[in-house]
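> After the sequence you'll find the predicted model.
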Amino acid sequence: MTMIGAVVAFTSFTQHVPTVSVPAASAQISTVCSTLIEDTVATPPTPNSGTLAFNCGSPGPAFTVSSTGSATPTFNLAGTGYTSLAISTNADCSSTPNPAYTATLTSGQAVLFTVTGGVDYCATYSGISNTGGTLGTFDVTWS
């Protein structure tokens, strides 16, 4: 009787899968103007305080989102009379009709755009004298 056999040596081992950073999608945004206008039809200025919509006028919205993702605004409202800045898909800065995309902006913090289309700025002001006053200028840079 003949025996045939094989001996297999098995060595155990461990393999490490490293962490992988997955970047956020970058929003694709563009504009047709560099100087915005205040939309006095949608949001006329009111005494003391209010919210004003800014866009490119007859060419269109302040900017257009063509691809969802993140983008970061940089701006400085100090000394302008404005207290906050937001963006909205509604030209009058309201939350109706629903669903409207709105986001309050913080300079240096990324904004996640979840919709595509036209977007306007909504700048809120307060502390203007009953006799009237002037709101200052500011720039918004997106990266």
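That came in fine, so what should we check first?
> Count the residues that sit near Trp142.
14 (other Cβ atoms under 10 Å). For glycine as for every other residue, the C-beta is placed from the backbone atoms N, C-alpha and C.
> May I have the beta-bridge partners of the residue lying closest to it once chain neighbours are set aside?
In space, and not counting its chain neighbours, Trp142 is closest to Ala71: 5.1 Å by Cβ to Cβ, 6 or more residues apart in numbering. Counting by DSSP bridges, Ala71 forms beta bridges with Val111.
> per-residue confidence for Ala71?
The model reports Ala71 with a pLDDT of 94.
> Quick check, it in contact with Ala24.
No. Using Cβ atoms under 8 Å, Ala71 is not in contact with Ala24, being 9.8 Å away.
> Toward the C-terminus from the top strand by length along the chain, list the very next helix or strand.
Counting residues, the longest strand found in the chain (DSSP state E) is strand 117-125. With elements assigned by DSSP states H and E, the helix or strand that comes after strand 117-125 is strand 141-142.
> From the chain's centre, how far out is that following strand? Work that out for me.
Computed by Cα atoms, centre = their mean, to the nearest Å, the chain-centroid distance of strand 141-142 equals 10 Å.
> ditto for stretch 18-33
The answer for stretch 18-33 is 12 Å, by Cα atoms, centre = their mean.
> which parts of that stretch are buried?
Along stretch 18-33, these residues count as buried under the neighbour rule (16 or more other Cβ atoms under 10 Å): Ala27, Ile29, Thr31.
> if we can go back for a sec, common neighbours of Ala71 and Ala24, please.
Shared contacts of Ala71 and Ala24 (Cβ atoms under 8 Å, 6 or more residues apart in numbering): Ala110.
> residues contacting the residue positioned nearest the centre of the chain?
Against the mean C-alpha coordinate of the chain, by Cα atoms, centre = their mean, the closest residue is Val111 at 3.7 Å. Residues in contact with Val111 (Cβ under 8 Å, 6+ apart) are Ala27, Ser70, Ala71, Thr72, Pro73, Ile87, Ala103, Leu105.
> Wait, the second one touches Pro23, no?
So that's Ser70. No. Counting by Cβ under 8 Å, Ser70 does not reach Pro23; the two are 9.3 Å apart.
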